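Undergrad: quick one: sequence plus predicted model below, questions after.
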Amino acid sequence: MVSKTSARFFHRLSTIFQPISVVPKNAEVKKVDITSRSQRLMLERGIIRQASPGCFHLLPLGVRSLEKLTDLVDTEMRKIGGQKVVLPTLTNSKLWEVSGRLETVSSELFKVRDRHNHGYILSPTCEEAVSSLVASLAPISHKQLPLRLYQITSKFRDEIKPRFGLMRGRQFLMKDMYCFDVDLASALVSYKEICHCYDRIFEKIGINFVKVLGSSGHMGGNLSHEYHYKADVGEDKILSCPKCNYFANVEVSGEQECPKCGNTSVEISSGIEVGHTFLLGEKYTKPLNATYLSGDGKPTVLQMGSYGLGLSRILAAALEVLSSDDEIRWPPFLAPYKVIILPPKGGSKEEIHLKNSNLVQSLYARLEQVDTLKNNVIIDDRINLTIGRRFLEAKKTGYPYIIALGKKITESPSKLEVTNLQTDEQLHLEESALLDYVSPKETCAVDRLAFLRSSTPI
């Protein structure tokens, strides 16, 4: 089987910190605290651990998934000229006074004071901070524009009632991009390009989503779109018109009829907001004096856009949409590991049959050679447990492919049992056929036509 010497080169489940903690469904105290399926499953399967209300420890399997999402976002941001920065978590309160937001969103802000009694905010978003950064260099040359700066950092919001686990917490991981342009026409070009980038990101994640006209709210500006996963637990209400394919948050459209075509047979559904885009204009750049030097040599106020993706929320929302009440289902693109191998139980006739075989190691190595599976294979080496027990746990954790070395490995030809959780197929395959089965390149799970039907164009 897997020797101690060679096993250290493999991903092994026995070395993963995954504290399983089954939450009793009939526990009254838990009914108050746990308010969504994804929250309960992530707690039960050791993906997250609650630290305090609205704050969670993200554990190794969750970190792997979030890192995959972060890598995807980084790749797509670079394609549109995004430059990664890290802005301070603490923002001087005076900047928020200048923009006018200190009072309008005061109740949601974590405010602190230093030893000199200077006020700071734990940033929920960074429009003021990045505008101040650009203003400190102003006026910049028009040749430097558009300037697209983004970061992926923890943000903070003093939620009055944190709920739904990672979907509405006090600390969350967000990708926020800030784009500066010479005029509104150029800013709109940037807006469309970044929205198309968001489309690609959500298509690659592979869950049907809807893009809707959104409210600018306290952020300001004159154009806004939201990205949603439809789910009953969603706190936003989305109006959709099947007649003209108009989609909007009811905050901007009302619930009686379509504002575009007047159709009264509109549909209202619940959505989880996972992304938001804003065309802000001069909302922050003018009061903070962020300017550029135009071609005629005059300082001119920059036009700004702000673009957010809730990465930790996307992770939880994806599980909310795909999972059953008892078992996690990952979008394959974000699964912590895509394949888990279950060797025979120690002392079983199957284990004895493989005593002098390196089947587990060779299978692992050959799977790792598949482009889409590189660094995505793990062995459940807890051979003190039966295959059946480990299989049930693997299903609950949601590994897309479960490969069991069961009774048929003693037959001639030897066959492996593969379970595909995406299709609910269970097949017995020879090793070569198994490799062919898991080798096809990943395709986007989003029905492109369905996507086009369920998105409001810019």
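TA: Looks like it arrived, so ask away.
Undergrad: what's near enough to touch the spatially closest residue to Thr104 that is not a sequence neighbour?
TA: The shortest distance from Thr104 to any non-neighbouring residue, by CB to CB, 6 or more residues apart in numbering, is to His218 (5.1 Å). Quick note: C-beta positions are derived from backbone N, CA and C, even for glycine. Each residue near His218 by CB atoms under 8 Å, 6 or more residues apart in numbering is listed here: 101, 104-105.
Undergrad: mind checking how far His218 is from Lys355?
TA: Separation of His218 from Lys355 (CB to CB, to the nearest Å): 67 Å.
Undergrad: can you give the domain ranges for this structure?
TA: 4-16+337-438, 62-321 (automatic domain parsing).
Undergrad: give the buried residues for stretch 162-174.
TA: Neighbour counts over stretch 162-174 (16 or more other CB atoms under 10 Å) mark 162-174 as buried.
Undergrad: model confidence for the residue nearest to Thr104, exactly?
TA: His218 is assigned a pLDDT of 82 by the prediction.
Undergrad: name the SS class of it, please.
TA: Here His218 is recorded as helix under DSSP: H, G, I helix; E, B strand; the rest coil.
Undergrad: next: Val360.
TA: What three-state DSSP gives for Val360 is helix.
Undergrad: Glu203 versus that one, what's the distance?
TA: Counting by CB to CB, the separation of Val360 from Glu203 is 36 Å.
Undergrad: these two: which is more packed in?
TA: Just comparing Val360 and Glu203: by other CB atoms under 10 Å the higher neighbour count belongs to Val360, 22 against 16.
Undergrad: quick check: the gap between that one and Gln369.
TA: Noted for Val360: a distance of 15 Å to Gln369, by CB to CB.
Undergrad: one more: Asp236?
TA: Asp236 is 44 Å from Gln369, by CB to CB.
Undergrad: in this structure, where is pLDDT below threshold?
TA: Residue ranges of the chain with pLDDT under 70: 1-8, 23-33, 440-458.
Undergrad: from the centroid of it, which residue is nearest?
TA: Nearest to the mean C-alpha position of the chain, counting by CA atoms, centre = their mean, stands Ile314 at 3.1 Å.
Undergrad: Gln17: neighbour count?
TA: Not quite, residue 17 is Phe, not Gln. Neighbours of Phe17 under the rule other CB under 10 Å: 9.
Undergrad: ok, now which ones touch the nearest residue to it once chain neighbours are set aside?
TA: In space, and not counting its chain neighbours, Phe17 is closest to Pro60: 5.3 Å by CB to CB, 6+ apart. Counting by CB under 8 Å, 6+ apart, Pro60 touches 16-18, 336.
Undergrad: hmm, 10 Å instead?
TA: Pro60 makes contact with 15-18, 46-47, 336, according to CB atoms under 10 Å, 6 or more residues apart in numbering.
Undergrad: return the closest of those with respect to Ser432.
TA: Closest approach to Ser432 among the contacts of Pro60 (CB to CB): Pro336, at 27.0 Å.
Undergrad: so the closest one is in which element?
TA: Under DSSP states H and E, no helix or strand contains Pro336.
Undergrad: what about it, distance to Leu58?
TA: Taking CB to CB as the measure, Pro336 falls 11 Å from Leu58.
Undergrad: give me the more crowded residue out of these two.
TA: Pro336 (23 against 17).
Undergrad: isn't that one up against Glu67?
TA: Yes - when contacts are counted by CB atoms under 10 Å, Pro336 is listed as touching Glu67 (9.3 Å).
Undergrad: neighbours of Val63, how many?
TA: Counted with other CB under 10 Å, residues neighbouring Val63 total 14.
Undergrad: ok, now which ones touch the residue nearest to the centre of the chain?
TA: Ile314 sits next to 65-66, 69, 73, 166-167, 173, 175, 201-202, 205, 207, 209, 227, 229, 272, 274-275, 331, 334 when contact means CB under 10 Å, 6+ apart.
Undergrad: for the helix or strand hosting Thr75, C-alpha coordinates in CSV please.
TA: Using DSSP H and E, Thr75 sits in helix 60-79. Only the C-alpha atoms of helix 60-79 are listed here, as CSV (Å, rounded to 0.1, in the frame of the first residue of the first chain):
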residue,chain,number,x,y,z
PRO,A,60,-7.4,23.9,5.2
LEU,A,61,-10.1,22.5,2.8
GLY,A,62,-11.8,25.9,2.8
VAL,A,63,-8.5,27.7,2.2
ARG,A,64,-7.7,25.4,-0.8
SER,A,65,-11.0,26.2,-2.4
LEU,A,66,-10.7,29.9,-1.7
GLU,A,67,-7.1,30.0,-3.1
LYS,A,68,-8.5,28.5,-6.3
LEU,A,69,-11.1,31.2,-6.6
THR,A,70,-8.4,33.8,-5.8
ASP,A,71,-6.1,32.5,-8.5
LEU,A,72,-9.0,32.6,-11.0
VAL,A,73,-9.8,36.2,-10.1
ASP,A,74,-6.1,37.2,-10.3
THR,A,75,-5.8,35.7,-13.7
GLU,A,76,-8.8,37.4,-15.1
MET,A,77,-7.9,40.8,-13.5
ARG,A,78,-4.5,40.7,-15.2
LYS,A,79,-6.2,40.1,-18.5
